[in-house]
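after the sequence you'll find the predicted model.
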Amino acid sequence: VMNSSLALKTIEVLKDVIPVSADAVKKGLLETRWQGRMETVLPGVIVDGAHNEDGVAKFVETAAHFQKEYPLTLLFSAVDDKDYTDMIRTILDKIQFKHVVVTQVGGYRKVPAEHLAEIFRENGCPSAEVCDDAEEAFKKALAVKGEDGLLFCVGSLYLVGEIKTAILKGIGK
């Protein structure tokens, strides 16, 4: 919403320099998709590349509303140049998960899955499950999500890419 508002204000300010029709604005708003940002990739599976303080705060603000209606599962990963400890604390401060699976992504920037799991455990999530391979972690998270649950895959754009690649291979379909 904030990005759309900024785009609309820019169009308004520049209307004498770069005219844009009302139909074009409407079409743009209706057809815009932000891949990897609260994107539903399969029924009950949402990926969010939230990988910084603001992105995680927005994820938590949105996802927290779902916990009243659905059991939530989290698949999490992050890379080493992000403040993943704060990301985990922010997530766990507002959301209760039925199950958490952690994995590692990002090549040389990866954070070992066991290290991420330790941080989850230290912050009140004793059951964080470790799976070093992202594709296997996705399979596990799908299995524990259940028919009536929601699975959020969060923490890295690398993770979003891994999930989308797994789906293209037929995992989850």
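Sure thing, it's come through.

show me what the most centrally placed residue in the chain bridges to in the sheet.
The residue lying closest to the centre of the chain (Cα atoms, centre = their mean) is Asp48, at 2.0 Å. Taking DSSP bridges as the rule, Asp48 bridges to Val154.

would you confirm that it contacts Val60?
No. Using Cβ atoms under 8 Å as the test, Asp48 is too far from Val60 to be in contact (10.0 Å). Bear in mind the C-beta positions are built from the backbone N, C-alpha and C, glycine included.

before we move on, back to that, mind listing what the residue nearest to the centre of the chain touches?
Counting by Cβ atoms under 8 Å, 6 or more residues apart in numbering, Asp48 makes contact with Gly36, Arg37, Met38, Glu39, Gly55, Phe59, Ala63, Phe152, Cys153, Val154, Val160.

which of the three states applies to Thr40?
Under the three-state scheme (DSSP: H, G, I helix; E, B strand; the rest coil), Thr40 adopts strand.

identify the bridge partners of it.
Here Thr40, judged by DSSP bridges, has bridge partners Ile46.

picking that back up, show me which of the contacts of Asp48 is closest to Ala134.
Cys153 (9.4 Å; Cβ to Cβ).

can you report how many residues lie near that closest one?
31 (other Cβ atoms under 10 Å).

what of Phe59?
Neighbours of Phe59 (other Cβ under 10 Å): 25.

need the phi and psi values for it.
phi -60, psi -50 (degrees, to the nearest 10).
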